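*Asks:* Turn this into a model:
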Amino acid sequence: MSVFLLQRLLTLMATLLGASAVVFAVLEILPGNAAQVLMGPDADPEAVAAMAEQLGLNQPALQRYLEWIAGFFSGSLGNSYAYGSPVWELVQERLALTLPLAVLAMLITTVLALLAGVYAASRHNKLGDVGIMGLAQLGIAIPNFWFAILLILLFSVKLQWFSAGGFPGWSAEMGGGFWPALQSLLLPAIALAVVQAAILARITRSAILEVLREDFVRTARAKGLSQRAVLWGHVLRNAMIPVITVMGLQFANLLAGTIVVENVFYLPGLGRLIFQSIANRDLIVVRNCVMLLATMVIVVNFVIDVLYAAIDPRVKASDL
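*Replies:* Sure, this is the predicted structure:
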């Protein structure tokens, strides 16, 4: 197991370096100039050149990449061009919203998907199965930003149960608190979770139906175990390998989806910061935020790889 962990850690580091090179290269070839944006379209070319030199934009690309990647892994992300403050302070402030939003959306996704998938599999080819799969197909077809607008129209405008947007903060001293903050994140989390839950429910149903054909399931039923005990105690655990694989991929989709949903609900999260920084050509913020999101996705998939062996003892490290 220690050899497996070492191999995965080396793969993790190699993937992070590869992702950093891709992120830097893509942002480098984008048109535009941060110094020009800061100085304005009518600024004197000499003033723009001076600003570019001050920001370090005139240095060779390789030198800027090495300095950036060294600073990223050491926690020194530099200063924002537009905000004039350390990038880490901006990111830390926005992560206090984005991470709870993604975790809440993932919890809703998991609960809905497992309940729906197990229910549909237990009623294979019956009305309940057809109904759940029909709803899942509808959920897959709905864009999360459009569903977010529907949620606002229903629960904020019509019923007035939730705020249409904004975030009061986690601190009661700032006029917010835990419950008001959680309430403001509920609709965005549901908007993010619906599509992912629909996909995961279909995967869960298929995996459970596959396991239900195994011999040990017939043995468990022959011992007199109830249908619920067989499904939740024996079948679901053995069906979790493909489910967990998809969950890891879905976490990446949830993080990417926050960029759109945070703008719909006017939430000051990491996604909104990226959107504003792209508009301002504040590439140092965009680069670090995108790399941070990529790092979280890669780490989550590393954790999922490790969980394989814990969930299913039949899985060997050499097979991974």
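*Asks:* got the residue ranges for the helices in the protein?
*Replies:* Assigned by DSSP state H, the helices in the chain fall at 2-28, 34-39, 45-55, 61-74, 87-122, 127-141, 144-151, 178-212, 215-222, 227-230, 236-238, 240-264, 270-279, 283-311.
*Asks:* Let me have those helices in CSV, adding distance to Ser171 as columns.
*Replies:* C-betas here are computed from N, CA, C, even on glycine. Below are those laid out as CSV (distance: least, Cβ to Cβ, whole Å):
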stretch, distance to Ser171
helix 2-28, 33
helix 34-39, 33
helix 45-55, 34
helix 61-74, 29
helix 87-122, 10
helix 127-141, 35
helix 144-151, 26
helix 178-212, 9
helix 215-222, 51
helix 227-230, 43
helix 236-238, 40
helix 240-264, 20
helix 270-279, 19
helix 283-311, 23
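*Asks:* Mean pLDDT and distance to Trp170 added to those, as CSV?
*Replies:* Converted to CSV, these look like this (pLDDT from 0 to 100; distance: least, Cβ to Cβ, whole Å):
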stretch, mean pLDDT, distance to Trp170
helix 2-28, 81, 30
helix 34-39, 62, 32
helix 45-55, 69, 34
helix 61-74, 82, 26
helix 87-122, 87, 7
helix 127-141, 86, 30
helix 144-151, 86, 22
helix 178-212, 86, 5
helix 215-222, 74, 46
helix 227-230, 73, 39
helix 236-238, 74, 34
helix 240-264, 79, 16
helix 270-279, 82, 15
helix 283-311, 79, 20
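*Asks:* Save those helices as TSV, and put in distance to Lys158 and mean neighbour count too.
*Replies:* Output for the helices of the chain, formatted as TSV (distance: least, Cβ to Cβ, whole Å; neighbours: other Cβ atoms under 10 Å):
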stretch	distance to Lys158	mean neighbour count
helix 2-28	42	14
helix 34-39	41	18
helix 45-55	48	14
helix 61-74	45	14
helix 87-122	22	20
helix 127-141	21	15
helix 144-151	10	17
helix 178-212	13	21
helix 215-222	46	13
helix 227-230	38	14
helix 236-238	38	16
helix 240-264	17	20
helix 270-279	26	21
helix 283-311	34	19
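*Asks:* Great, nothing more from me.
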